[in-house]
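1. okay, sequence plus prediction incoming.
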Amino acid sequence: MQLSVLKHVHLTTIPSASAVEVINGNIYIVGDDSSFLYALKYDLTVLAEVPLYKAKSDDIVDNRILKKKKADLECITKLTINGYPHLLILGSGSKSPRRDVAFLVKLPTPYNRKHLVWEVPLVKWYSFLRMNEEATGPSGVLNFEAAASTDAYLYIFNRENNATLRFDMPEFIEFIQGHTDSVPFPTIIHTTLPEIDGIRAGFSGADYFDQKLFFTAAAENTSNAIDDGEIMGSAVGIVSFTGEEKTRGKLTDGFTGEVSHFTLIPAIEDRLLKIESISVYEKENDNTYIAIAVSDDDKGGSDILMLQLDL
């Protein structure tokens, strides 16, 4: 894969971008210490700020929600429910019960121009997943960083051990709408990612487009997958899941994630970015894709990149 940075914009109006999804030409972004969903146009100007939840004024400093109080929204992907486009936004599930939450957003239609938002507490679901060591690794920690979806499956990526949790999509939609008390059980797939400058890379973003699962990965010099550290670099890649699946909810021999592309993102203005998420905007030709990637500058601002990916 050859990667070119077509455009770079630094925004102070979007705090700490952590996840991005493109739907019908609009770019949707959430930040891990923000309570808003941001909608942007192709030129990266902000169209709308959609409140997801209300943060107390005492919990907000310099337009950022305090670390102990934030929902830590890290995952966003599209769902179709009853024929209508929705966004699923997930908390990381790390450290605080406040992060065991989802937001379901019904996007505007010709009949209703508003974004409709439902907050869905998922403490039971996150707690259930923490009990599965194959999902968390020996640490018992969840740190969801990315989500991607197809009509058949929802993929959620745990950065702690680079496990992918694959859920049956129709089953998950029934669950997230509250139509069933049964907790969805995932198939769990492990992927070994290449190191970046000698440091373990972890999944940070994902998007399913044109029957390909694109992902971003980042490496930080830190002792765990939650706390920040020196940024060593980020990459864009493609992963596929191969082999025979035999037992749902457990790893099976031969059913693994295989990385077919892994390309580093160059420094921007002499600064290595920690890329948090990616979403493909369009396919230009048989081998060329235009994608949007976002980065948290760890200072309350966000970097937005428009990338050209040539396979």
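-> Thanks, I have the structure now.

2. wouldn't R159 be in contact with F203 here?
-> Yes: if you go by CB atoms under 8 Å, R159 and F203 touch, sitting 5.5 Å apart. To be clear about C-beta, it is placed using only N, CA and C from the backbone, and glycine gets the same treatment.

3. I'd like the average pLDDT over the longest strand anywhere in the chain.
-> Of all segments of type strand in the chain, defined using DSSP state E, the longest is strand 230-242. Per-residue pLDDT over strand 230-242 has a mean of 92.

4. in that strand, what's buried?
-> Residues I231, M232, G233, S234, A235, V236, G237, I238, V239, F241 are the ones in strand 230-242 that count as buried (16 or more other CB atoms under 10 Å).

5. report the angle between the next helix or strand after that strand and strand 230-242.
-> Per DSSP states H and E, the first helix or strand lying C-terminal to strand 230-242 is strand 256-264. Orientation of strand 256-264 against strand 230-242 (axes from the mean of the first three to the mean of the last three CA atoms, to 10 degrees) gives an angle of 140 degrees.

6. what's strand 256-264 packed up against?
-> On a contact count with 3 or more CB pairs under 8 Å, 6 or more residues apart in numbering; DSSP states H and E, strand 256-264 meets strand 2-11, strand 187-190, strand 230-242.

7. turn the ones you listed into JSON lines, columns for distance to I23.
-> Output for those, formatted as JSON lines (distance: least, CB to CB, whole Å):
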{"stretch": "strand 2-11", "distance to I23": "20"}
{"stretch": "strand 187-190", "distance to I23": "26"}
{"stretch": "strand 230-242", "distance to I23": "20"}
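
8. out of the ones you listed, which gets nearest to S295?
-> The closest of the helices and strands packed on strand 256-264 to S295 is strand 230-242. By CB to CB, the value is 7.7 Å.

9. now the closest one, how far from the chain's geometric center?
-> Mean C-alpha position of strand 230-242 versus that of the full chain (CA atoms, centre = their mean, to the nearest Å) differs by 13 Å.

10. what does stretch 288-304 give?
-> Remark: stretch 288-304 is offset 12 Å from the chain centroid, using CA atoms, centre = their mean.

11. where are the low-confidence patches of the stretch 201-311 of the chain?
-> Counting by pLDDT under 70, the ranges of the stretch 201-311 of the chain that qualify are 223-228, 243-255.

12. mind doing that once more with 90?
-> Low-confidence segments of the stretch 201-311 of the chain, defined by pLDDT under 90: 220-231, 241-256, 269, 297-300.

13. ok, the residue most central in space within the chain - contacts?
-> Centroid check for the chain by CA atoms, centre = their mean gives A146 as the closest residue, at 2.6 Å. Counting by CB atoms under 8 Å, 6 or more residues apart in numbering, A146 touches A19, E74, C75, I156, F157, F203, S204, G205, A206, F215, T216, S277.

14. determine which two of those are furthest apart.
-> I156 and T216 (14.9 Å).

15. quick check: the residue nearest to the centre of the chain vs N26, distance?
-> Counting by CB to CB, to the nearest Å, the separation of A146 from N26 is 20 Å.

16. do W118 as well
-> In terms of CB to CB, W118 sits 20 Å off from N26.

17. neighbours of S139, just the number please.
-> 13 (other CB atoms under 10 Å).

18. just confirm it is within a strand.
-> No: in this structure, S139 is coil, not part of a strand, as judged by DSSP: H, G, I helix; E, B strand; the rest coil.

19. for the nearest residue to it once chain neighbours are set aside, give its distance to A147.
-> Once flanking residues are discounted, S139 sits nearest to E160: 6.1 Å by CB to CB, 6 or more residues apart in numbering. Distance of E160 to A147, computed by CB to CB: 15 Å.

20. buried residues in stretch 80-100?
-> H86, L87, L88, I89, L90, G91, S92, G93, S94, R98, R99, D100.

21. export the residues you listed to CSV and tack on pLDDT, secondary structure and distance to F185?
-> Below are the buried residues of stretch 80-100 laid out as CSV (pLDDT from 0 to 100; DSSP: H, G, I helix; E, B strand; the rest coil; distance: CB to CB, whole Å):
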residue, pLDDT, secondary structure, distance to F185
H86, 97, strand, 22
L87, 98, strand, 24
L88, 98, strand, 18
I89, 98, strand, 22
L90, 97, strand, 17
G91, 95, strand, 20
S92, 95, coil, 20
G93, 93, coil, 16
S94, 89, coil, 21
R98, 88, helix, 25
R99, 93, helix, 21
D100, 95, coil, 17
